[in-house]
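Trainee: I'll drop the sequence and a predicted model, then ask my questions.
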Amino acid sequence: MRRANIVSGVVLVLLGLFALAVIIPNGIGRGPDGMMSPSLVPNMMMGVVVVLSAFLVFSNLRAKPSPDDDELPIARGELLALTRIGAIFLISIALFLLLSPLAGGVFLVAASLLLLGERRPLVIIGMTAGLLIAVWLLFYKVLGTGIL
C-alpha cells in the first residue's frame, strides 16, 4: 500500500501543478478590475490538493516498509477492466462526435452491460432504450433544449 500511496501522490502532485500552471489560467478569464479573480478559489483548491498529495508522498517515503508492500495494490484483472471501460468510453465519444449522440449512447450503455456480464438480450435492449428515452425526455421535453 505504501508504494501505491507514493505513486498516487506523485501523480496528484503533477496533475495539480499542471492544473495550476496551464488549465486554470487558460480556462478561467480575468475578472473586472477591483474585484477578486474568478480563478482564486480553483487556485486555492488545487494548492490544497498539491500540498496534501506532497504530504502523502513524504509521509509514505518516511514510513517503514511492511510485509504487505510486496503485493501489487491493483490486480491485473482490475487493470484490464479499467482499460476495457476506458476503451468503451473512447469509442462512445468518437461515435457521438462522428455519427450522432444516439449512436454514442447506444454503444456506451450496451457495451458496458456486455462488459459487466449481462447476456440477456431483452435486458440489454430494454435498459439501453429506457435510458436513452429518459435522457431524450429530460432534455427535449422537460428542459426544452437539445443535446447538441
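Mentor: Now that the structure is in, tell me what you want to look at.
Trainee: ok, F89 - contacts?
Mentor: Going by C-beta atoms under 8 Å, 6 or more residues apart in numbering, F89 touches L108. (Glycine included, C-beta is placed from N, CA and C.)
Trainee: 10 Å instead, please
Mentor: 104, 107-108, 111-112 (C-beta atoms under 10 Å, 6 or more residues apart in numbering).
Trainee: State the helix or strand in which A111 lies.
Mentor: helix 101-115 (DSSP states H and E).
Trainee: same question, L15
Mentor: helix 2-18.
Trainee: other SSEs contacting that helix?
Mentor: Other helices and strands packing on helix 2-18, by 3 or more C-beta pairs under 10 Å, 6 or more residues apart in numbering; DSSP states H and E, are helix 40-62.
Trainee: what mean pLDDT does the helix it packs on have?
Mentor: Per-residue pLDDT over helix 40-62 has a mean of 93.
Trainee: Next: stretch 129-143.
Mentor: 90.
Trainee: what comes up buried for it?
Mentor: For stretch 129-143, the neighbour count (16 or more other C-beta atoms under 10 Å) marks L132 as buried.
Trainee: Show residues contacting that stretch.
Mentor: 101-102, 105-106, 108-109, 145-147.
Trainee: From these, list the buried ones, please.
Mentor: In the contacts of stretch 129-143, the ones that pass as buried (16+ other C-beta under 10 Å) are 101, 105-106, 108-109.
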